[in-house]
Structure formats: structure tokens, C-alpha cells
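[1] The following block contains a protein sequence and its predicted model.
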Amino acid sequence: MTVLAEWEDRRRCLPKGDPVQASARPAFFRDRKRNLVTPINVERLSARDFESPHPHSAGPSTYESDPPWEEVRDSVPECLLPRISPHRLSIPKQATAVPDPTTPEDLLANLVLAVTSKSLPPLGPLLSYHAAYGNLHSTASFNLLIKLAIRHASFGTARSLLGHMVREDVAGDVETRALRVRCMVRIGSWEQAWREEMERMAEDGLEMPYPVWLEFFGSVKRGAISLRPGEQRCAEDKRRESLPAPAPAVAAGRLDALMKHPPLVTQGDLERMPPQAVFVLVRALAEQGRRPLALSVTTQYFQSLPETIDVAWQRSCLSIIHLHLKPGPKAGLTEHYAARKALYGFLRMHRAFRPTSTTLFFLMRTLRQTTQCGQRAEELVQSFAERWGPDIVDDAVRRRLAAFWLKQGDPRRANAVIEVQNAVNEQREGLRVEKEAVLGDNSKKDRARRLRWLNMHRSPTRNKEGWRWRVVRRRLWRAQERRARG
């Protein structure tokens, strides 16, 4: 029984004549005849009357006409009194509470700790926590929150944070400028962002910074911006549509404008072409259907690579290769063998290139419209596992293989793949429990991965793979039920 329930039970047991029985409030609040407001004529007050008698207080604490506040407070139950507690940043699975920041670096560190935690707090508490320490705001803390707001498709919040930076006189940097362009591109204001950057280039006399230039290769956030269909918005038509992608002619014009205005890069960027720039260029060409030109750009870039590249560079080059594994307009075996030939040709261009499970997953996608897709996918997976090891097969590859077996009409082979996945899930769960018992949620690798999530345009939602596995299992159950009835 809660405290409020005990108070109600005790109030019911009192005599009817008791004032508490008539109302749960004290007698003072029921006295309507008493005037609680002291009338004051402001015009008759002197300048001294506006001054506080205490330098650090709002004024005198009591007046002769004030109600008996102590008696009022004592007569109200404790459960009905308002409780004021400081708003603290809640980070799940932390042994100790996050201390209050005393420097801008501490505030930024606490925000990064919250953003990279396993259970990401909502955007609202993070904004409230940041606003509570106005004297500790910095460019880096604003950039982090703006990046998080854009990632959550909360573009109004991102623009509000940019406005707060101006009002608080917090100077922005190149990252702030790039985030502003990212926000405008995501909401469909590409032309406005480009026009403003052109005006700024004319004023400064410098080329556009490389991070800002890359943001113009982005696109509208899918499903985040809605518009009513048609130019005339009728009152009876309440349907809403997502903002469509730009027309091919418009996209081609944007790409030509970007090529005519190369970015301002550093000496290190000139010595080594940034792989992200090649990625966004190849992606733009592939989306416009200019696949031969995209293939030529990729080949020239891979031929200019040095003999040794690090892991991050290798991963970026592999992302460029994955852009060429997307099925073309004519899906079938011809498209599959063309993608397979292009993949093997790219892998031979550098000794550091090695396919991953994502590579195999994208290559299997070209078999979706073929006959006997399950058998062909099984042979492809086995050939990759024999050449590059069994670790190249992950959950997504097994799920696509099971779906292809169901599409081919062989639920027995699909069930075998699902049983393997169930065994992997049990083993992974045991390892996860042991890892959390030893390391907790402070793995640097996991936190770095969650921090990179902020810069991604699209990524699977949480547990999206598990939801897709449930769809495959439901399809298997239906196929088994149909076979049992037949």
C-alpha cells in the first residue's frame, strides 16, 4: 500500500465533522474569504523599494500579511509536498553515478559516455543535461548533440542547437559547418545550402572545406520528411507522402556542380586520395545509372593505392567494392556472374583486399531472381568458406540462405540452416554474459563503434536482424504446416 493510499484510508476513518474529512487540504486553503494577495501601487514606490535588502537574495523572506507558511507545511502530508531533485544524467549499467562536470572537457566526456553506452538515453534527457551547465558549453559538446539530433531525424532540434550556439556566442568550426549542411541536405534544402556555401566561398576567397563538400553528396532522410500530395492541399485529403528523391537530371546537375568546385584539402589529402570521397562519388554515379563510369573511377583509384594500407583504409575500399554488387535492371544469372567477375577483379588489385560476410551477403542478393536460388547460394557460401574460412558466414548470410531454400521449396534444408543459427545464438549468449561480467559496458571497441553510428546516414534499427529471423522462422512453420496437411 502506498503512502497516498494510507492517507486516504486514514481520512475516511475520521469523524464527519473533522475538517480533514471535508477536504484533503488544510483549513487555510479552504478559507476563501482571506485575501492572499497584498495590493501594491507601483507608482508610489521609490527607487529604494526596488532594491533588495540582501545583495544575494530576492528580497525579504516574510511580510506581516503573509500566511503562516510553517503551519501550512506541517499540516500537509509529506506525500503531497513537491519534491525537487537535481536532474542527473542516467547511464545504464554504471557502477557509480556520473559526477557533475566542472570543466567543458568533463561535460563533453559525460555526454560521450552516455552516447556510447549500450542503452542509448533518449535525446531529451541529454539536451536537458547539457542545458543545465550553460557555463560549460563548448563547440565540441554542441557538435555532438547536433550530430545525434540529425541521426535521430530531429532536424528541428538540430536547428535549435545551432541557434543556441549563436545566442551563447559559441564559435563554430568546420565540423559545425558540415553538420549544418548535412541537416539542410537531409530535409531537402540542397539548393539553399549550396547557394549559401557559394556565397561564403565568395566572401572568404577560399574553396569549400573537404568535410563540407562531402556532405553535399548526401540525400534526403528516407521517410523523415513528409509532404502532402499535389500542389493544392485540400482539407479533405489528409494523406502524406515522403519527400521524393530528386529527378535524374537534377541529381546529374548537382554532381556536375560538385565536380566544378573541388574542395579545399590538406597536403595529406593530396598525397592520399580520401577513400570517403571516392565512395560518395561512386555511390552518386551508381545511383544515376552510370555504372561504367563508376567502375572506371574505382579501378583508377585502386591502381593508385600504395603497397601497404591499414585496416581502416582496407575497410573503406571494401565499402567501395560493395557498391558494385548491387543488382542491375536485368536481374538473373547474367547479372550475378557480372558482379562476381567484378568482385574477383577488384580483389586481385591489392593484396590487402579480403572479402567479409557483408561482401558475401551482397553477392548472394544477385541470386534472388534465379531458379534454384537455394542450391546456387549454398554452393557460393561453401566456396567462400573454403577459400576464406568459416568466419565469413554470419547471421545475415545464414538468414538469406535459409530464405532462398524456402523460396526454392525445400523447408528441410532451411530448417537445417536455422538449427545451426540457434546453436550459434546459444553460444554467443554465453560469451556475452561472460564478457559483461568481466568488462561491463566499457569496451573501447564497442564504444568506438557506437560513436561511428552518429555519422551513418542509414543503418539497421536495433534488433532488426532478430526481427527478420522471426519472419524466416514463420515462413518455415507455414511451409511445414502446408506439407503436413498435404
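    Arrived safely. Quick caveat: nothing in here was measured; it's all calculated off a predicted structure.

[2] And the next helix or strand past the helix or strand encompassing Trp194?
    Assessed by DSSP states H and E, Trp194 sits inside helix 190-204. Scanning forward in sequence from helix 190-204 by DSSP H and E, the next helix or strand is helix 210-215.

[3] could you give the mean pLDDT of that following helix?
    When pLDDT is averaged over helix 210-215, the result is 86.

[4] Likewise for stretch 420-434?
    Mean predicted lDDT for stretch 420-434 stands at 85.

[5] which other residues reach it?
    Stretch 420-434 is contacted from outside by 395, 398-399, 402, 469, using Cβ atoms under 8 Å, 6 or more residues apart in numbering. Every residue, glycine included, has its C-beta placed from N, CA and C.

[6] ok, of those residues, which come out buried?
    The neighbour count (16 or more other Cβ atoms under 10 Å) marks 395, 398-399, 402, 469 as buried among those.

[7] and those as TSV, adding distance to Arg376?
    Formatted as TSV, these follow (distance: Cβ to Cβ, whole Å):
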residue	distance to Arg376
Asp395	20
Arg398	16
Arg399	17
Ala402	14
Trp469	22
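
[8] Closest one to Thr308 out of those residues, please.
    Nearest to Thr308 among the buried ones among the contacts of stretch 420-434 is Asp395, at 32.1 Å by Cβ to Cβ.

[9] measure the closest one to Gln375 for me?
    Separation of Asp395 from Gln375 (Cβ to Cβ, to the nearest Å): 21 Å.

[10] And Ile418, by the same measure?
    Counting by Cβ to Cβ, the gap from Ile418 to Gln375 is 17 Å.

[11] which of these two has more neighbours?
    Ile418 (19 against 16; other Cβ atoms under 10 Å).

[12] list the contacts for the closest residue to that one other than its chain neighbours?
    Spatially, and ignoring its direct neighbours in sequence, Ile418 is nearest to Ala402 (5.6 Å; Cβ to Cβ, 6 or more residues apart in numbering). Applying Cβ under 8 Å, 6+ apart, we find Ala402 in contact with 414, 417-418, 421, 472, 476.

[13] Swap in 7 Å and give it another go.
    Contacts here follow Cβ atoms under 7 Å, 6 or more residues apart in numbering; on that basis Ala402 touches 414, 417-418, 472.

[14] mind showing which ranges of this protein have poor pLDDT?
    1-98, 221-242, 265-273, 436-447, 449-450, 452-463, 486 (pLDDT under 70).

[15] quick one: the strands in it?
    Assigned by DSSP state E, the strands in the chain fall at 226-227, 241-242.

[16] Quickly note the distance from Ala484 to Gly374.
    Distance from Ala484 to Gly374, by Cβ to Cβ: 21 Å.

[17] The two: which has the busier surroundings?
    More neighbours surround Gly374 than the other of Ala484 and Gly374, with 21 against 7 (other Cβ under 10 Å).

[18] list the contacts for that one?
    Neighbouring residues of Gly374 by Cβ under 7 Å, 6+ apart: 404-405, 407-408, 410, 413.

[19] ditto for Leu363
    Applying Cβ under 7 Å, 6+ apart, the residues near Leu363 are 325, 339-340, 343, 380.

[20] The same query, at a cut-off of 8 Å, please.
    So Leu363 contacts 325, 336, 339-340, 343, 380 (Cβ under 8 Å, 6+ apart).

[21] try His130
    His130 makes contact with 107, 111, 137, 141, 145 under the criterion Cβ under 8 Å, 6+ apart.

[22] Going by neighbour count, which of those are buried?
    Applying 16+ other Cβ under 10 Å to the contacts of His130 flags 107, 111, 137, 141, 145 as buried.

[23] Surely the third one is in contact with Glu168?
    This means His137. Yes. In terms of Cβ atoms under 8 Å, His137 counts as a neighbour of Glu168; the distance is 6.0 Å.

[24] closest to Pro390 among the contacts of Leu363?
    Using Cβ to Cβ, the contacts of Leu363 come closest to Pro390 at Leu380, 14.4 Å.

[25] which one is the closest one nearest to, not counting chain neighbours?
    For Leu380, ignoring the flanking residues on the chain, the nearest one in space by Cβ to Cβ, 6+ apart is Met364 at 6.4 Å.

[26] ok so, going back, of all the contacts of Ala402, which two lie farthest apart?
    Maximum distance among those (Cβ to Cβ): 9.0 Å, for Val417 and Val472.

[27] what's Leu206 in contact with, if anything?
    Each residue near Leu206 by Cβ under 8 Å, 6+ apart is listed here: Leu264.

[28] From Thr102, how far out is it?
    Remark: distance between Leu206 and Thr102 (Cβ to Cβ) = 38 Å.

[29] ok so, going back, ok, the contacts of Ala402 vs Gly253, which is closest?
    For these, the nearest to Gly253 is Val472 (42.6 Å; Cβ to Cβ).

[30] So what's the residue count around that closest one?
    21.

[31] so it touches Pro411, yeah?
    No. When contacts are counted by Cβ under 8 Å, Val472 is not listed as touching Pro411 (10.9 Å).

[32] how close does Leu113 sit to Leu120?
    11 Å.

[33] With Arg387 instead?
    In this view, Arg387 and Leu120 are 38 Å apart by Cβ to Cβ.

[34] Looking at those two, which is more packed in?
    The neighbour comparison of Arg387 against Leu120 (other Cβ under 10 Å) goes to Leu120, with 17 against 9.

[35] got a list of what Gln416 touches?
    Just so we're on the same page, residue 416 is Ala rather than Gln. So Ala416 contacts nothing (Cβ under 8 Å, 6+ apart).

[36] let's see 10 Å
    Contacts for Ala416 (Cβ atoms under 10 Å, 6 or more residues apart in numbering) come out as 401-402, 405, 410.
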